[in-house]
Structures are given as structure tokens and as C-alpha cells.
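Asker: Okay, structure incoming, though there's no sequence with it:
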């Protein structure tokens, strides 16, 4: 019976030590992670409209196609291809 009590006390001490070490060293590593994160660019206030589906999105996120009439912005490759197909059918 004494063996079980000793084992429980040792496990309790190890658990407390593990928690203390994680608390002491864990806070420093969180600071490193927070400062090491990649900065996200600020959102653009300008929005462009996808001519195929009508979705508005920031120009830096869009697929841009240059045409004689100006630049067109698409939300996806699929919208870009569908738009090109509809333009070919219309001509």
C-alpha cells in the first residue's frame, strides 16, 4: 500500500513540475510566435466586379485580364474561362 502512495506522490510532483516548466517557458515561446507571424496586407478600399458572376473583390486577389477596353477582374479561373467563352459566342 505504501508503494501506491509513493507512486501517486511522485506522479503529482512530476505533474506540478511539468506544469511549472510549461508555464515559465511557454510564455516566452508565445511571444516569439506572436511576433514571428506573417503580416497580412491591409485590405484595399477599392473593389472590382467580376463581369461573369458579379462578385466584388479586392483587385490584388483577382485574376486580371487586360483587354482593349480596359482591365477585367475575375474571382476564379472558371469565371475567367466562362467569360471568354461567352465573348467568343457573341462575336
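Answerer: That came through fine. Quantities reported herein were computed from a predicted structural model and do not represent experimental measurements. Residues are numbered from 1 along each chain as shown.
Asker: Would you mind giving the secondary structure of residue 78?
Answerer: Assigned by DSSP: H, G, I helix; E, B strand; the rest coil, the conformation of residue 78 is helix.
Asker: And the pLDDT for it?
Answerer: Looking at residue 78, its pLDDT reads 96.
Asker: and residue 16, what does it touch?
Answerer: Listed by C-beta atoms under 8 Å, 6 or more residues apart in numbering, the contact set of residue 16 is empty. Every residue, glycine included, has its C-beta placed from N, CA and C.
Asker: Longest helix in the chain, by number of residues?
Answerer: helix 2-35 (DSSP state H).
Asker: tell me the domain boundaries of the chain?
Answerer: Per automatic domain parsing, the structural domains of the chain span 1-39, 48-90.
Asker: For these, which has the smallest mean pLDDT value?
Answerer: Looking at those, the weakest mean confidence is domain 1-39, a mean of 79.
Asker: Pretty sure residue 76 sits against residue 62.
Answerer: No: here residue 76 lies out of contact with residue 62, judged by C-beta atoms under 8 Å, at a distance of 9.3 Å.
Asker: Neighbour count for those two, which is higher?
Answerer: The residue with more neighbours, out of residue 76 and residue 62, is residue 62; 22 against 15, by other C-beta atoms under 10 Å.
Asker: Make sure that one is actually in contact with residue 73.
Answerer: Yes: under the contact definition of C-beta under 8 Å, residue 62 touches residue 73, with a separation of 3.8 Å.
Asker: hey, what's in contact with both of the two?
Answerer: 48, 50.
Asker: quick one, which of the domains of the chain is packed in tightest?
Answerer: Scoring the domains of the chain by mean neighbour count under mean count of other C-beta atoms under 10 Å gives domain 48-90 as the most buried, with a mean of 14.
Asker: Return the distance of the longest helix of the chain from the chain's centre.
Answerer: Centre-to-centre, helix 2-35 and its host chain are 32 Å apart (C-alpha atoms, centre = their mean, to the nearest Å).
Asker: what residues does the helix or strand following it touch?
Answerer: Remark: after helix 2-35, the chain's next helix or strand is strand 48-49, criterion DSSP states H and E. Strand 48-49 is contacted from outside by 55, 56, 57, 58, 59, 62, 73, using C-beta under 8 Å, 6+ apart.
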